[in-house]
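Trainee: A predicted structure for the sequence below; I have some questions about it.
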Amino acid sequence: MDASPPPSVLPTGVDPAELRLRLSAWYHTRARRLPWRDQPTPYRVWVSEIMLQQTQVATVLPYFERFVAALPDIESLARADEPTVLGLWAGLGYYRRARFLHRAAREVVARHGGRLPASATDLRALPGVGAYTAAAIASVAFGLPEAVVDGNVIRVLSRLVALPQLTDTAPGQRALQAVADALLDRSDPSSHNQAMMELGALVCSPRGPDCATCPLSPSCAARAAGTQERYPRKRARTPPQKVRACCGLATDEAGRLLMARRPAGVLLGGLWELPGGELTPETSPQRSLQAHLHERLGLDAEIGRRLGVVEHVFSHRHLTLDIYAVPAARGALTPAWYDECAFLDAADRARVPRSRLTDKVLEAVGHG
Ligand code: SF4
């Protein structure tokens, strides 16, 4: 007996059973071979899902291999110290994910005997595991009938049914989940969910979807109307707040760069950067930088010429960061606002966790 919910959320004439069959046939011929698919243990699926939040598959692959080689299971991750975990994450960005993963591993050891719980509800109680990640782990690692709705799936589903709701609102998310639940292949939720995500990644792209090769094409409402790129519908975005900041490039006699670790609890906390800070209103960038170096590191510095400028967009902020040479500095390094600081050579810089912003800064001054 088919235990699917009634397919009333699907457009008239769309047969979910037929759609599942077409999707499954496509997936089994087109799916990419990925290390977490080849060995889908709960731990590997979990690590891959956390890394894939906000990051492309191609970028994640080498980080994933390195991470699971160094920390092959939940116990070894729980035992590792934070610098080790952040070091393995260095360069992947969004370090909050690594901290959550680490904290969650310790919770799994303390509360679940070192095994990830086989329930979407219990998975959601772990740090860093939201509805999407819980459904992905539950279905892919444990075969549970949980329909995944990630960014790729949102695109496919909203086009398939020409979803009128805004997908970044609660009613839109409920409508998407209802469509995903109605389509879910409960006999093989793991392959079904991965097929939906893969279809969004490879075929149903944001611009110019390849509808001619899409297995859902005969049932797709947006394709029939020629309105694919109008979906998913979203709320109008508020423009990011403009922020200006400055940082200093100081070197020691060995040519190593002065870098400092930001305190926990602030934006990009725990990550290393060239020292500096936001511009104080009505103060020149040089004066602001001098004040930051004094207050945050105990340095009395001369500020030299401007070496470059970097633009970076966080979710709600557009940062313009000026980089200045710091040719001479007096005073012992005494980190006050920063947690620590050090002169780092290229090998050390590669080992410490850095944000994408700091990578851009280092590239701009020829130390990338
Ligand atoms: S037919 Fe085109 S728009 Fe519709 S789901 Fe397939 S790729 Fe996306």
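Mentor: The structure has been received and is ready for your questions. Numbering: from 1, shown residues only.

Trainee: For this structure, what lies in contact range of the ligand?
Mentor: Proximity of the chain to the ligand (CB under 6 Å from any ligand atom) is limited to residues 156, 159-160, 203-204, 209, 211, 214, 216-217, 220, 222-223, 228. (Glycine included, C-beta is placed from N, CA and C.)

Trainee: Swap in 5 Å and give it another go.
Mentor: Proximity of the chain to the ligand (CB under 5 Å from any ligand atom) is limited to residues 156, 159, 203-204, 209, 211, 214, 216-217, 220, 223, 228.

Trainee: Out of the residues you listed, the closest to A178 would be?
Mentor: Among those, V156 lies closest to A178 (CB to CB), at 14.8 Å.

Trainee: which stretches of the stretch 251-368 of the chain have low pLDDT?
Mentor: Under the criterion pLDDT under 70, no range of the stretch 251-368 of the chain is flagged.

Trainee: Contacts only, for the residue in it that the ligand sits nearest to.
Mentor: Taking CB to the nearest ligand atom, the ligand has its nearest neighbour within the stretch 251-368 of the chain at S315, 26.4 Å off. Contact analysis of S315 by CB atoms under 8 Å, 6 or more residues apart in numbering lists P240.

Trainee: helix, strand or coil for it?
Mentor: coil (DSSP: H, G, I helix; E, B strand; the rest coil).

Trainee: circling back: turn the residues of the chain next to the ligand into a markdown table, columns for pLDDT.
Mentor: Formatted as a markdown table, the residues of the chain next to the ligand follow (pLDDT from 0 to 100):
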| residue | pLDDT |
| --- | --- |
| V156 | 98 |
| R159 | 97 |
| V203 | 97 |
| C204 | 98 |
| P209 | 98 |
| C211 | 98 |
| C214 | 98 |
| L216 | 97 |
| S217 | 96 |
| C220 | 95 |
| R223 | 96 |
| Q228 | 97 |
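
Trainee: Which of those sits closest to L357?
Mentor: C204 (31.3 Å).

Trainee: count of residues packed around that closest one?
Mentor: 28 (other CB atoms under 10 Å).

Trainee: Strands along the protein, start to end?
Mentor: For the chain, the strands defined by DSSP state E cover 241-249, 257-261, 272-273, 276-278, 300-302, 306-313, 317-325, 328-330, 340-344.

Trainee: what's the closest non-adjacent residue to Y94?
Mentor: Leaving aside its sequence neighbours, Y94 sits nearest to Q54 (CB to CB, 6 or more residues apart in numbering; 5.4 Å).

Trainee: Tell me the buried residues within the residues of the chain next to the ligand.
Mentor: 156, 159, 203-204, 209, 211, 214, 216-217, 220, 223, 228 (16 or more other CB atoms under 10 Å).

Trainee: out of all of them, which helix in the protein is the longest?
Mentor: Identified as the longest helix of the chain according to DSSP state H is helix 96-112.

Trainee: what about it, distance to the chain center?
Mentor: Relative to its chain's centre, helix 96-112 lies at 17 Å (CA atoms, centre = their mean, to the nearest Å).

Trainee: How about stretch 357-368?
Mentor: The answer for stretch 357-368 is 21 Å, by CA atoms, centre = their mean.

Trainee: do stretch 262-281 as well
Mentor: 20 Å.

Trainee: How about stretch 322-334?
Mentor: Distance, centroid of stretch 322-334 to centroid of chain: 33 Å (CA atoms, centre = their mean).

Trainee: coming back round to it: count the neighbours of the residue nearest to Y94 for me.
Mentor: Under the criterion other CB under 10 Å, the count of neighbours that Q54 has is 11.

Trainee: thinking again about what came up before, can I get the residues of the chain next to the ligand in TSV including distance to T133?
Mentor: Shown next, in TSV, are the residues of the chain next to the ligand (distance: CB to CB, whole Å):
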residue	distance to T133
V156	19
R159	23
V203	23
C204	21
P209	25
C211	29
C214	26
L216	24
S217	29
C220	27
R223	30
Q228	28
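
Trainee: So which of those residues sit within helices?
Mentor: Going by DSSP H, the helices hold 156, 159, 223 from the residues of the chain next to the ligand.

Trainee: quick revisit: need the CA coordinates for the longest helix of the chain. CSV is fine.
Mentor: Extracted C-alpha coordinates of helix 96-112, given in CSV (Å, rounded to 0.1, in the frame of the first residue of the first chain):
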residue,chain,number,x,y,z
ARG,A,96,30.5,28.6,13.1
ARG,A,97,29.6,25.4,11.3
ALA,A,98,32.9,23.8,12.5
ARG,A,99,32.3,24.9,16.1
PHE,A,100,28.7,23.6,16.0
LEU,A,101,29.9,20.3,14.5
HIS,A,102,32.5,20.0,17.3
ARG,A,103,30.0,20.8,20.0
ALA,A,104,27.4,18.5,18.6
ALA,A,105,30.0,15.6,18.5
ARG,A,106,30.6,16.1,22.2
GLU,A,107,26.9,16.1,22.9
VAL,A,108,26.4,12.9,20.9
VAL,A,109,29.1,11.2,22.9
ALA,A,110,27.7,12.5,26.2
ARG,A,111,24.0,11.9,25.5
HIS,A,112,23.7,9.3,22.8
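
Trainee: mind starting the numbering at 760 from now?
Mentor: I'll keep to 760 as the first residue from here, and by that count the last item is helix 855-871.

Trainee: Can you give me the buried ones in it?
Mentor: Here helix 855-871 shows 856-864, 867-868 as buried, counting by 16+ other CB under 10 Å.

Trainee: and that helix, what other elements does it pack with?
Mentor: helix 801-811, helix 833-838, helix 841-848 (3 or more CB pairs under 8 Å, 6 or more residues apart in numbering; DSSP states H and E).

Trainee: which parts of the shortest one are buried?
Mentor: In other words, helix 833-838. Buried-residue list, helix 833-838, by 16+ other CB under 10 Å: 833, 836-837.
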